[in-house]
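Student: A structural model of the following input is requested.
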Amino acid sequence: EMMKLLLLAVVATTYAINPWMNVNDDPEDRANKLLAQMTLDEKIMMLHGSSGPYVGNVPGNTRLNIPPLNLNDGPQGFRDNAHPGSTTSWPSMMTVAASWDQDAMLAYGTAMGKEFNDKGANVQLGPGACISRVPNNGRTFEYVSGEDPFLGYTLVQPVVKGIQSQGVIANAKHYVNNNQETHRTTVSENVDERSQYEIYYPPFEGAVKAGVGSFMCSYNKIRETWSCENNQTLNTDLKGRLYQGHRAWVMSDWGATHSTSINQGLDQEMPSDGHMGANLKTMVLNGNVTNATVDNSMLNILVPMFTMGLFDNPITGNLSNNVTSDAHNALSRNLSAVSHILLQNRDSVLPLSKDIKTIVVVGAQGDASTTVHGGGSGQVVAPYVITPLQGVRNKLGLAPGPPPPKVTCDKCQIYNNTDFYQPGNQAVSATSADDCCDQCFKKAGCNAWTYVASDNDCWIKPSAAGQRSAPGLVSGVLATPEPAKECNAQGQCVYYTDGSNETEVVELVSKADAAIVAISTTSSEGSDRKDLSFGNGQDELVALVAAYQSKTIVAATCPGQVLMPWKEDVEAIVMSFMGGQELGNAMADVLFGDVNPSGRLPLTMPNVENEIGFTERQWPGLDGGLQAYYDEKLLVGYRWYDHHNIEPAFPFGHGLSYSNYTYTNLQVSSTSVSVDLKNTGSVSGAEVVQLYLGFPSSAGEPPKQLKGFNKVALESGASKTITFTLSSRDKSIWDVTAHAWSEVEGSFIAYVGASSRDIRVQGSFTN
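Tutor: The predicted structure is shown next:
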């Protein structure tokens with residue numbers, strides 16, 4: 001009893017000294033109580049970044065016990081190049097969005113949030129929410145929305161909720177129209193008001209609905225004004241119309257602040273204080289910025305901090321922690337598997353029988369150089385990568401044996417002027433070849449190394465493969481792993497060729513029961529893709545294999561839209577987008593039927609380059625790329641294909657299953673749409689039921705647009721009634737005169753089906 005009284009006394013004293021620490025108060029009240037105790041200098045210190053160990057750093061306030069803000073990349077996992085391999089390399093944001101699965105998105109956000117917390121970060125610089133307007137955009141793989149505003153609006157919400165459930169503030173970026181990397185720091189994205197509200201704002205509106213704590217304004221201009229000092233997009237649109245009373249702060253992208261623009265809606269400059277430090281204080285003192293404006297920005301920061309528990313549950317994680325786990329590895333595998341899209345499956349060549357005798361895996365992506373993520377701030381160095389070859393071998397019981405014993409560095413075999421060339425390996429910093437050897441010895445999975453003295457880089461290698469002459473480089477071998485077995489006790493064999501030797505390819509695929517051609521292309525922040533091809537001779541490789549093997553399966557890894565000129569020549573195509581560290585296992589799970597594929601395209605796959613007919617005026621822009629005009633207006637992605645009645649290579653929302661489904665008993669009214677779904681196949685699976693609305697022609701809308709979807713798991717023979725509720729917003733367009741949503745009257749068509757082009761049932765209603 002005495003201890004309870006003492007504890008109550010301590011709590012009461014704490015509340016008396018720091019009244020903002022009363023957890024029973026509303027976060028806004030707590031923030032106001034704290035704000036009343038802060039000096040101008042203390043406020044300004046929180047309105048810009050400072051130096052520190054994280055990507056973004058705002059120091060704590062010891063006088064008032066305000067915790068620091070530790071901000072870190074990125075939108076698909078914790079980027080820690082100082083401790084590479086210490087975090088999970090998840091599938092990319094758009095990859096998991098291809099699951100069309102809100103539960104998967106929640107698990108994804110929750111797991112990422114936990115790793116950020118365990119690393120000591122309390123702000124995750126993600127999710128990315130931009131719309132894929134430009135097929136060549138270098139950052140498409142980072143964005144949850146694909147090419148559809150409703151998809152982005154829906155899927156961004158569970159990601160945000162998952163991240164923030166771990167006491168980590170999510171950051172919706174890049175607000176707004178950061179739809180190209182070409183000239184991204186200078187281009188003006190000239191978009192009309194209606195397109196802005198109907199196409200580009202909804203994913204960010206979804207983040208608000210989920211309670212997101214922060215936004216990041218982008219590098220580009222919008223209609224001639226920098227995004228981070230754009231009164232229209234920040235104050236009028238975001239804070240005035242989208243927030244609806246919500247509190248969240250707007251930080252700049254790194255170096256995207258061009259002026260002390262707090263009056264225009266910027267709350268925090270990153271990563272330093274070039275404009276929102278001493279300059280801001282001067283403007284406050286001379287009256288150009290009011291104290292009320294500063295206080296409002298502070299509340300936009302403090303309220304999310306209180307809401308997400310940063311004051312009550314201070315982070316205890318450390319940047320040096322290894323936050324990977326078996327549970328997260330398993331989740332990474334599952335997320336990648338449920339995001340795989342079965343684009344094509346002729347003659348039901350998939351799933352492969354586990355009794356299959358001979359498989360050949362072809363292509364550099366198969367094992368020699370496996371891509372699992374894009375580049376830039378969204379890149380996470382994987383602790384390991386399961387290649388497609390490893391995934392297939394694991395499935396057939398051909399996993400490699402235990403790691404070989406290493407010799408100590410004094411017995412290390414040294415190769416001067418030599419490199420073990422293996423693209424995709426990890427580099428760590430080292431002071432000498434001896435230091436490099438010591439680090440390799442201590443690191444699991446490192447059996448060989450290469451030291452580059454000019455860069456102080458130590459390249460960590462699993463083997464001494466790829467030996468070649470390289471003047472000035474020093475390499476060493478600590479262990480020689482046993483080669484993986486090609487055949488198991490049952491006489492099942494898995495062979496591999498990187499595809500560089502045409503004779504070898506023909507010899508192997510000709511005698512195999514099936515060939516898996518693993519191909520990839522990648523992209524990165526900072527530049528757009530020059531074209532949509534896989535490149536590097538991979539299209540020709542697919543054609544070669546298909547000419548000699550009747551069961552050719554293409555496993556495609558890509559960061560967005562791609563061309564598949566060989567699609568008529570192959571039996572099956574499975575697309576993984578950017579599958580993360582467990583790509584190979586996830587791919588094998590799908591190919592062998594342990595996971596029934598249920599991913600759906602969040603993007604339209606084109607037939608040819610620039611099928612949508614962009615002019616230079618639209619992308620990359622006129623005047624040397626300074627002016628990009630959104631002349632297509634609402635006709636983005638599948639909306640353009642529908643409007644022009646052009647059949648794409650594969651449509652938005654498309655994805656096959658090993659099951660079959662029937663849609664019957666459509667019921668339509670102005671407030672709801674329902675349909676009965678039945679799994680008529682022989683195996684359990686999940687179908688993504690999609691609802692598209694066609695507006696009255698007077699509305700001036702595209703032919704149809706996504707307004708609902710539901711991923712439904714059904715056992716073989718099972719049925720379920722799926723109901724979609726139609727809100728006023730679903731039937732509204734943006735009125736540019738009233739600057740508000742306006743519900744449309746007239747006859748609507750409800751289309752329900754398995755993709756934007758695979759409509760199974762439809763009906764009309766009058767609104």
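
Student: low-confidence ranges in the stretch 501-650 of the chain?
Tutor: For the stretch 501-650 of the chain, no stretch is flagged by pLDDT under 70.

Student: show me the strands in it, by range?
Tutor: Applying DSSP state E, counting those that start in this stretch to the stretch 501-650 of the chain gives strands spanning 514-520, 552-557, 572-575, 627-629.

Student: can I get the third one in CSV? Just the C-alpha atoms.
Tutor: Going back to what we said before, that points to strand 572-575. Only the C-alpha atoms of strand 572-575 are listed here, as CSV (Å, rounded to 0.1, in the frame of the first residue of the first chain):
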residue,chain,number,x,y,z
ALA,A,572,3.7,-19.4,-68.5
ILE,A,573,4.8,-16.0,-67.1
VAL,A,574,5.1,-15.3,-63.4
MET,A,575,5.9,-11.7,-62.3
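
Student: contacts for it, please.
Tutor: Contact partners of strand 572-575, identified using CB atoms under 8 Å, 6 or more residues apart in numbering, comprise 340-346, 349-350, 552-558, 564, 567, 587, 590-591, 597, 599, 601. From N, CA and C alone the C-beta is placed, and that goes for glycine too.

Student: quick one: Gly746 and Pro696 touch, right?
Tutor: Yes: between Gly746 and Pro696 a contact is recorded at 3.2 Å, counting by CB atoms under 8 Å.

Student: neighbour count: the two, which is higher?
Tutor: Pro696 (16 against 12; other CB atoms under 10 Å).

Student: and the more buried one, what does it touch?
Tutor: Residues counted as contacts of Pro696 (CB under 8 Å, 6+ apart) are Val744, Glu745, Gly746, Ser747, Phe748.

Student: again, 10 Å this time
Tutor: For Pro696, the set of contacting residues under the criterion of CB atoms under 10 Å, 6 or more residues apart in numbering consists of Lys731, Val744, Glu745, Gly746, Ser747, Phe748, Ile749, Thr766, Asn767.

Student: my guess is the second one contacts Trp734. True?
Tutor: No: applying CB atoms under 10 Å, one finds Val744 not in contact with Trp734, separated by 11.1 Å.

Student: need the overlap of contacts for those two.
Tutor: Common neighbours of Val744 and Trp734 (criterion: CB under 10 Å, 6+ apart): none identified.

Student: whatever helix or strand Thr662 lives in pairs with which strands, parallel or anti?
Tutor: Element membership of Thr662 [criterion: DSSP states H and E] is strand 661-668. The partner list of strand 661-668 in its sheet, established with DSSP bridges, is strand 672-679 (antiparallel).

Student: can I get the CA coordinates of the partner strand in PDB?
Tutor: The C-alpha atoms that make up strand 672-679 are tabulated as PDB, following Å, rounded to 0.1, in the frame of the first residue of the first chain:
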ATOM      1  CA  SER A 672     -24.500  -1.200 -52.900                       C
ATOM      2  CA  VAL A 673     -23.300  -3.800 -55.300                       C
ATOM      3  CA  SER A 674     -23.200  -7.500 -54.400                       C
ATOM      4  CA  VAL A 675     -22.200 -10.700 -56.200                       C
ATOM      5  CA  ASP A 676     -22.000 -14.400 -55.400                       C
ATOM      6  CA  LEU A 677     -18.500 -15.900 -55.800                       C
ATOM      7  CA  LYS A 678     -17.800 -19.600 -56.100                       C
ATOM      8  CA  ASN A 679     -14.500 -21.500 -56.300                       C
END
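
Student: tell me which helix or strand comes right after that strand.
Tutor: Heading C-terminal from strand 672-679, the first helix or strand you meet, by DSSP H and E, is strand 685-694.

Student: the helices in the stretch 251-400 of the chain, which residues?
Tutor: Secondary structure of the stretch 251-400 of the chain by DSSP state H, counting those that start in this stretch: the helices cover 278-285, 291-307, 326-339, 388-395.

Student: which one of the ones you listed is the most hemmed in?
Tutor: Ranked by mean neighbour count under mean count of other CB atoms under 10 Å, the helices of the stretch 251-400 of the chain are led by helix 388-395, which reaches a mean of 25.

Student: tell me the gap between whichever helix or strand comes after that helix and the middle of its chain.
Tutor: Under the assignment DSSP H and E, the closest C-terminal helix or strand after helix 388-395 is strand 413-420. Once both centres are worked out by CA atoms, centre = their mean, to the nearest Å, strand 413-420 turns out to sit 38 Å from its chain's centre.

Student: paired strands for strand 413-420, with orientation please.
Tutor: Using DSSP bridges, the strands paired with strand 413-420 in its sheet are strand 467-477 (antiparallel).

Student: need the contact partners of the strand it pairs with.
Tutor: Residues from elsewhere that reach strand 467-477, judged by CB under 10 Å, 6+ apart: 406-407, 409, 412-421, 432-434, 436-437, 440-441, 447-454, 457, 459, 461, 463-464.

Student: continuing past it, what's the next helix or strand?
Tutor: Tracing the chain C-terminally past strand 467-477 and defining elements by DSSP H and E, one meets strand 493-497 next.

Student: if you count contacts, what does that following strand end up packed against?
Tutor: Of the remaining helices and strands, those touching strand 493-497 by 3 or more CB pairs under 10 Å, 6 or more residues apart in numbering; DSSP states H and E are strand 358-362, helix 388-395, helix 502-511, strand 514-520.

Student: go again using 6 Å as the cut-off
Tutor: On a contact count with 3 or more CB pairs under 6 Å, 6 or more residues apart in numbering; DSSP states H and E, strand 493-497 meets strand 358-362, helix 388-395, helix 502-511.

Student: now the longest one: how far from the chain's centre is it?
Tutor: Same thing as helix 502-511. Using CA atoms, centre = their mean, the distance between the centre of helix 502-511 and that of its chain works out at 37 Å.

Student: list of residues touching that helix?
Tutor: Residues outside helix 502-511 that contact it (CB atoms under 6 Å, 6 or more residues apart in numbering) are Val360, Tyr495, Thr497, Gly499, Ala515, Val545, Tyr548, Gln549.

Student: cool, and the first one?
Tutor: For strand 358-362, contacts defined as CB under 6 Å, 6+ apart pick out 388-389, 392, 493-497, 499, 508-509, 512-517, 545.

Student: strands paired with it, and their directions?
Tutor: Paired strands of strand 358-362, with direction, are strand 493-497 (parallel), strand 514-520 (parallel) (DSSP bridges).

Student: run the angle between the last one and helix 388-395 for me.
Tutor: Angle of strand 514-520 versus helix 388-395, following axes from the mean of the first three to the mean of the last three CA atoms, to 10 degrees, is 140 degrees.

Student: quick one, strand 514-520 and helix 502-511 angle?
Tutor: Angular relation of strand 514-520 and helix 502-511 on a 0 to 180 degree scale: 140 degrees, by the same axes, to 10 degrees.

Student: show me what counts as buried in strand 514-520.
Tutor: Along strand 514-520, the positions that meet the burial threshold by neighbour count (16 or more other CB atoms under 10 Å) are Ala514, Ala515, Ile516, Val517, Ala518, Ile519, Ser520.

Student: the third one pairs with what?
Tutor: Going back to what we said before, that points to Ile516. Val361, Ile553.

Student: confirm for me that it is in contact with Ile553.
Tutor: Yes: the pair formed by Ile516 and Ile553 meets the contact definition of CB atoms under 6 Å, at 5.0 Å.

Student: picking up where we left off before, just the buried residues of the contacts of strand 467-477.
Tutor: If we count by 16+ other CB under 10 Å, the contacts of strand 467-477 have these buried: 406, 409, 412, 415, 418-421, 433, 436-437, 440-441, 447-452, 459, 461, 463-464.

Student: need the pLDDT of the nearest residue to Gly694 once chain neighbours are set aside.
Tutor: Closest residue to Gly694 in three dimensions, ignoring its sequence neighbours and counting by CB to CB, 6 or more residues apart in numbering: Ile749, at 3.8 Å. Confidence at Ile749, expressed as pLDDT, is 98.
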